[in-house]
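Engineer: Below: sequence and its predicted model.
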Amino acid sequence: MLEFLVQGFLLGLAYLAPIGMQNMYVINSAMRMSRKKAYQVASITFIFDMSLAIACFFGVGILLGLFPFLKGFLLLVGFVAITYMGFRLIFSKLSLKEAAVSESLFSIAFACFAVTWFNPQALLDGTMLLGGMRASLPPAGSYFFIAGITLASLSWFTGLATATSMLKSAFTEKTLRFINVLCGAVLVIYGLRLGYELLILLKWHIF
């Protein structure tokens, strides 16, 4: 069964490695916050990412196909929340003298939830990928496989937060500002893409 655990771990890393909303949020948080808060962000992101992977593995994406209004709701909320988060990062003022950002645990949790779950396409893609893998696995091996996915998620986000926190002291304020704008721009692009998909969905149902 170890082979299924390793397969899940490697696939999980490959799935998480591309720059995306979750990675950008964890990186930006580690740049702006104390290491303790950076680990909080990484932990909460891991929890939501794990829940998304498990949901996709067991086929929750099928619900989006059966109930189009649910997909529309996620697109709308995702478009508003993620675009707002992106613009807030772009126009926020950053100083090297700031040791930490006083964000509440609730606001951090909501942001982590938003960048993970408010993307129906991620649910559908995840269902296709993980659901397809589950169909090819023996029943006993599937649990080891999803355990490997979970372990990869924990390792990735914890490592990302650690590496960023360790390296941020070497950056200048100008560099930190650039990273802030870059992270915000990625979130805005993702948010606008969700808005575009919402318009396509509405057009398809109206016409």
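Structural biologist: Great, that's in hand. Numbering: from 1, shown residues only.
Engineer: Where in this structure is the helix or strand with the lowest mean pLDDT?
Structural biologist: helix 61-66 (a mean of 66; mean pLDDT, DSSP states H and E).
Engineer: Distance check, the spatially most central residue of the chain against S169.
Structural biologist: Closest to where the C-alpha atoms of the chain average out (CA atoms, centre = their mean) is Q22, at 2.9 Å. From Q22 across to S169, the span is 24 Å (CB to CB, to the nearest Å). C-beta: built from backbone N, CA, C; applies to glycine.
Engineer: One more: F46?
Structural biologist: Counting by CB to CB, the gap from F46 to S169 is 24 Å.
Engineer: Looking at those two, which is more packed in?
Structural biologist: Ranked by neighbour count (other CB atoms under 10 Å), F46 and S169 place F46 first, with 22 against 7.
Engineer: wait, doesn't the more buried one sit right on G159?
Structural biologist: No - taking contacts as CB atoms under 8 Å, F46 lies outside contact range of G159: 11.0 Å.
Engineer: longest helix in the chain, by residue count?
Structural biologist: helix 173-206 (DSSP state H).
Engineer: Quick one: mean pLDDT over it.
Structural biologist: Helix 173-206 shows an average pLDDT of 79 in the prediction.
Engineer: what comes up buried for that helix?
Structural biologist: 176, 179-184, 186-188, 190-191, 193-195, 197-198, 201 (16 or more other CB atoms under 10 Å).
Engineer: could you pull out the helices for this protein?
Structural biologist: Going by DSSP H, the chain shows helices at 2-16, 21-32, 35-57, 61-66, 68-90, 105-117, 120-136, 139-167, 173-206.
Engineer: weakest of those helices by average pLDDT?
Structural biologist: helix 61-66 (a mean of 66).
Engineer: can you give me how far stretch 165-185 is from the chain middle?
Structural biologist: 19 Å (CA atoms, centre = their mean, to the nearest Å).
Engineer: ok, residues contacting that stretch?
Structural biologist: 24-25, 27-28, 30-32, 35, 38, 85-92, 94-96 (CB atoms under 8 Å, 6 or more residues apart in numbering).
Engineer: Weed out the non-buried ones from those residues.
Structural biologist: M24, Y25, I27, N28, A30, M31, R32, A38, M85, G86, L89, L94.
Engineer: Farthest-apart pair in these, please.
Structural biologist: A38 and G86 (19.5 Å; CB to CB).
Engineer: Return the set of buried residues in stretch 29-45.
Structural biologist: Buried-residue list, stretch 29-45, by 16+ other CB under 10 Å: 29-33, 37-42, 44-45.
Engineer: Nearest to T127 among these?
Structural biologist: Nearest to T127 among these, with distances taken as CB to CB, is T45, at 20.0 Å.
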